[in-house]
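> the amino acid sequence is not available; the structure is as follows:
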């Protein structure tokens, strides 16, 4: 049975992605910052007949928590087939490039960028034991420098300098990670789940968490001939999904 770890998976997009992978026959570890939320998420999945789920205490902003989570998983399995770096925060809006504070940047980057690095580095050994390891970094189209430079793009005027730049940094990490793993069976991609209605945006999005989960899980399930080092957004390119960096 293949195994997946999803950070920030006790609710929303991460939770629905866990559901989809469970339906595909995976054993899924639900990354959660609190035991209460993790237990609640697992109980809900099991109530829906999806038994192969367990929560793992995991705060991506805390190195000790990440280390402890790696130890916990290492006691349960020596292989991880999929890592989905889903945990993320917006940092609150608006975020002016002139007025946003350094503390705002630090807080958002600690989750959206440094958290991904912490988790990826901690679990890479388990992933290397898989014959078909997959890493999906949940990004956003607002991290695209090309799209943000286009006055006709729908989010051109979005006042989110902190969040946008954190996703741009995440995209670069994805590119470099894919490059370092280029001669292996790894497939590493950045995926935009789309503008969906979640707590993240006060439910202002027009899509559903189920749609978002389908987009994310697609790249967790790609075969050996699938892309690596790519950046994908169905909303911005319904035909091939690939969008410019």
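Alright, I've got the coordinates. Bear in mind that the values here come from a model prediction, so they are computed numbers and not experimental data. Numbers count the residues shown, from 1 in each chain.
> strands along the chain, start to end?
Remark: strands assigned in the chain by DSSP state E are 3-6, 27-32, 53-57, 82-85, 134-138, 187-192, 230-233.
> low pLDDT regions in the chain?
Low-confidence segments of the chain (pLDDT under 70): 197-206.
> show me which helix runs longest in it.
Ranked by number of residues, the top helix in the chain under DSSP state H is helix 161-180.
> any idea which of the strands of the chain is most buried?
strand 82-85 (a mean of 28; mean count of other C-beta atoms under 10 Å). To be clear about C-beta, it is placed using only N, CA and C from the backbone, and glycine gets the same treatment.
> what helices or strands is that one leaning on?
For strand 82-85, the elements it packs on are strand 3-6, helix 12-23, helix 115-128, strand 134-138, helix 209-220, judged by 3 or more C-beta pairs under 8 Å, 6 or more residues apart in numbering; DSSP states H and E.
> got these as a markdown table, with distance to residue 159 columns?
A markdown table is the format used below for the helices and strands packed on strand 82-85 (distance: least, C-beta to C-beta, whole Å):
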| stretch | distance to residue 159 |
| --- | --- |
| strand 3-6 | 30 |
| helix 12-23 | 23 |
| helix 115-128 | 24 |
| strand 134-138 | 22 |
| helix 209-220 | 23 |
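> closest one to residue 160 among those?
Residue 160 lies closest, by C-beta to C-beta, to one member of those: strand 134-138, at 16.2 Å.
> angle of that closest one against helix 209-220?
Using axes from the mean of the first three to the mean of the last three C-alpha atoms, to 10 degrees, the inter-axis angle of strand 134-138 relative to helix 209-220 is 140 degrees.
> for strand 134-138, packing partners?
Against strand 134-138 (3+ C-beta pairs under 8 Å, 6+ apart) you get strand 82-85, helix 115-128, helix 161-180, strand 187-192, helix 209-220.
> try it again with 7 Å
Under the contact definition 3 or more C-beta pairs under 7 Å, 6 or more residues apart in numbering; DSSP states H and E, strand 134-138 sits against strand 82-85, strand 187-192, helix 209-220.
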